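Peer 1: Quick one, what's the 3D model for this:
(one chain, ligands or ions: 1)
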Amino acid sequence: MRDAKPTPAPETPPPAGLVFDGVRIARQGVPLIALDARVAPGEVLTLMGPSGIGKSTLLAYAAGFLDPAFSAQGRVLVGGRDVTDLPAHRRHVGLLFQDPLLFPHLSVGDNLAFALPEAIRGRSARRDAVHQALSEVELGGYDARDPATLSGGQKARIALMRVLVSEPRALLLDEPFSKLDTGLKAQMRDLVFGKARRRGLPVLLVTHDRDDAAAAGGPIIDLSPGA
Ligand SMILES: Nc1ncnc2c1ncn2[C@@H]1O[C@H](COP(=O)(O)OP(=O)(O)OP(=O)(O)O)[C@@H](O)[C@H]1O
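Peer 2: Predicted structure coming up:
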């Protein structure tokens with residue numbers, strides 16, 4: 001009689017969301033920033049702290065754009081997958097900065113089409129995806145517009161949709177509201193956090209603005225000395 005095969009241990013599902021596991025960043029051997037945190041799907045973790053401690057650098061590390069002036073250790077997991085050694089374009093991480101950074105030589109529609117996943121094939125499917133994205137931010141009919149002719153708030157909404165159409169599994173936000181005036185700021189916060197929540201995206205928000213942190217409604221890590 002053959003030995004019965006041992007029953008495999010049940011696999012622990014990988015942690016969903018966005019995980020920083022022992023992440024440590026240094027410049028010329030001098031430690032800058034450290035983070036151990038898990039951001040659940042649909043949650044916003046806010047990271048605050050003094051200028052120059054490496055918050056933007058940490059986002060760059062998570063996104064796969066770390067400048068060689070820095071060294072880093074630790075793992076970043078997105079949707080349960082260790083992305084630490086993957087190139088930026090395979091990490092499925094969306095980045096939004098304080099400047100919308102739209103491509104000036106492309107129309108609004110082409111700015112969005114550029115970010116669509118390759119899996120959306122065919123002209124009409126890609127055009128439909130662009131139209132859908134524009135209508136989600138009340139900019140239906142803006143596809144042929146030159147980005148230079150848009151208002152600041154319109155540019156911010158296009159920049160947001162350009163990130164979202166790429167179907168990210170996590171969002172990294174680097175002071176995305178800091179250049180908007182007060183009324184627009186509140187609208188953009190609602191839009192960004194609302195979309196992230198509905199899509200179940202984990203978000204890491206870097207900001208100096210306590211109102212951003214309050215609007216985000218999630219945990220806050222303050223790296224200020226004595227905080
Ligand atoms: N490419 C680079 N080469 C060398 N040093 C850099 C480079 N980019 C940034 N730094 C320095 O690294 C440190 C961390 O910069 P970083 O922009 O990550 O800080 P931060 O916490 O995001 O600051 P802020 O809140 O002002 O945006 C700063 O001292 C900065 O001057």
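
Peer 1: roughly how far is the one helix or strand H131 maps to from the heart of the chain?
Peer 2: Element membership for H131 (DSSP states H and E) is helix 123-136. Distance of helix 123-136 from its chain centroid, counting by C-alpha atoms, centre = their mean, to the nearest Å, is 21 Å.

Peer 1: C-terminal to that helix, what's the next element?
Peer 2: If you walk from helix 123-136 toward the C-terminus, the next helix or strand you reach (DSSP H and E) is helix 152-165.

Peer 1: What ranges does this protein have for its strands?
Peer 2: Defined through DSSP state E, the strands belonging to the chain, from first to last, are 18-27, 30-39, 44-48, 70-78, 81-82, 93-96, 170-174, 203-206, 220-222.

Peer 1: re the thing from before, give the buried residues for the helix holding H131.
Peer 2: R126, A129, V130, H131, A133, L134, E136 (16 or more other C-beta atoms under 10 Å). The way it works is simple: take the backbone N, C-alpha and C, and place the C-beta from them, glycine included.

Peer 1: wait, the third one sits on A113?
Peer 2: Yes: the pair V130 and A113 passes the contact test of C-beta atoms under 8 Å, sitting 5.4 Å apart.

Peer 1: Mind putting the strands of the chain into CSV with mean pLDDT and mean neighbour count?
Peer 2: Shown next, in CSV, are the strands of the chain (pLDDT from 0 to 100; neighbours: other C-beta atoms under 10 Å):
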stretch, mean pLDDT, mean neighbour count
strand 18-27, 97, 18
strand 30-39, 96, 16
strand 44-48, 98, 23
strand 70-78, 97, 17
strand 81-82, 95, 14
strand 93-96, 95, 24
strand 170-174, 97, 25
strand 203-206, 98, 26
strand 220-222, 96, 15
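
Peer 1: Tabulate those (TSV), appending distance to A214.
Peer 2: Supplementary listing: those in TSV, determined by distance: least, C-beta to C-beta, whole Å:
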stretch	distance to A214
strand 18-27	21
strand 30-39	17
strand 44-48	9
strand 70-78	26
strand 81-82	32
strand 93-96	19
strand 170-174	15
strand 203-206	11
strand 220-222	9
